[in-house]
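In: no sequence on this one, just coordinates:
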């Protein structure tokens, strides 16, 4: 939160003095405009520890849009001497860690933080980094099984990954390959690292003719969820997504953690750090809430009859 120009000049000196003593939280991520609902729950978690944005804490938002890179933004927050950096997503977490070894970092990540090198241990993270592992890559087999349950006669499943995000792309490719053999499915991996490449991937589907699509977890696929849902509808393709936002936008089904709850808990962690807790004393946590969401309206448009047992297990059915 920054005031510029005449407004800053008119701001009372006492208020400026109060602002200067406020702890500053750096919020680093990608396409933050699409994550406002999660940011709101993050603020509530911060508030649960007694820190309210604009009252006794300041949040500096940095979003890697418009050509500015995450490493550049992370370095900017370090120069700003923020009290703690919250990093949303694996690329942001890695950029933050490479920028500072002293400022505490709290992350949320869909990729395994130990395999990524963010921390050496879940129970007692070393250095200045801790956070929350969404377990998205650990849910691949479960998601594929749910998709197979919805389409028991389907055999060909396309898998969409972002090859530039190795933290999630490689586990997704590995685990879908293993799970598909157990389920008797034929899979083929398609790559997309830009919005244009998403369009190209759907165009490539036509030659292979998959009966369903499995979208791997990736920030790009969250940001482009409206485009993914529209393309899936135009190709009449059943799709499994990794978070409920896609289903709320008209996608068929999703299975994954309760993202809002994880962001809330991350806000709590940041608040604890502001109170003096060290990352080494805050274990990396994994979500305990998972939700299956099915859009029945989309299923009907695709001519699909959702098995009653699958509907009964869904945390939410959108009609």
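Out: Nice, I can see it. Not measured: the values here are computed from a predicted model.
In: run me through the strand neighbours of the helix or strand hosting residue 214, direction for each.
Out: Using DSSP states H and E, residue 214 maps to strand 212-215. For strand 212-215, the paired strands and their directions (DSSP bridges) are strand 156-161 (parallel), strand 239-241 (parallel).
In: JSON lines please, covering those strands and showing mean pLDDT.
Out: Conversion of the strands paired with strand 212-215 to JSON lines gives the following (pLDDT from 0 to 100):
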{"stretch": "strand 156-161", "mean pLDDT": "98"}
{"stretch": "strand 239-241", "mean pLDDT": "98"}
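In: please identify the most buried of those.
Out: Using mean count of other C-beta atoms under 10 Å, the stretch among the strands paired with strand 212-215 with the largest mean neighbour count is strand 239-241, at a mean of 26. Bear in mind the C-beta positions are built from the backbone N, C-alpha and C, glycine included.
In: which other helices and strands does whichever strand or helix holds residue 273 contact?
Out: Secondary-structure element containing residue 273, defined by DSSP H and E: helix 259-274. Using 3 or more C-beta pairs under 8 Å, 6 or more residues apart in numbering; DSSP states H and E, the elements in contact with helix 259-274 are helix 36-48, strand 84-88, strand 105-109, strand 129-133.
In: mind redoing it with 10 Å?
Out: Using 3 or more C-beta pairs under 10 Å, 6 or more residues apart in numbering; DSSP states H and E as the contact criterion, the secondary-structure elements in contact with helix 259-274 are strand 24-29, helix 36-48, strand 84-88, strand 105-109, strand 129-133, helix 244-248.
In: in CSV, list the ones you listed along with mean neighbour count and mean pLDDT.
Out: Putting the helices and strands packed on helix 259-274 into CSV (neighbours: other C-beta atoms under 10 Å; pLDDT from 0 to 100) gives the following:
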stretch, mean neighbour count, mean pLDDT
strand 24-29, 25, 97
helix 36-48, 18, 95
strand 84-88, 28, 97
strand 105-109, 28, 96
strand 129-133, 26, 96
helix 244-248, 23, 94
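In: can I get those in TSV with distance to residue 256?
Out: As requested, the helices and strands packed on helix 259-274 are arranged in TSV below (distance: least, C-beta to C-beta, whole Å):
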stretch	distance to residue 256
strand 24-29	18
helix 36-48	13
strand 84-88	16
strand 105-109	13
strand 129-133	13
helix 244-248	7
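In: which of the ones you listed sits closest to residue 283?
Out: Evaluated over the helices and strands packed on helix 259-274, closeness to residue 283 peaks at strand 129-133, with 7.1 Å, by C-beta to C-beta.
In: where in the stretch 1-150 of the chain is pLDDT low?
Out: In the predicted model of the stretch 1-150 of the chain, residues 1-20 satisfy pLDDT under 70.
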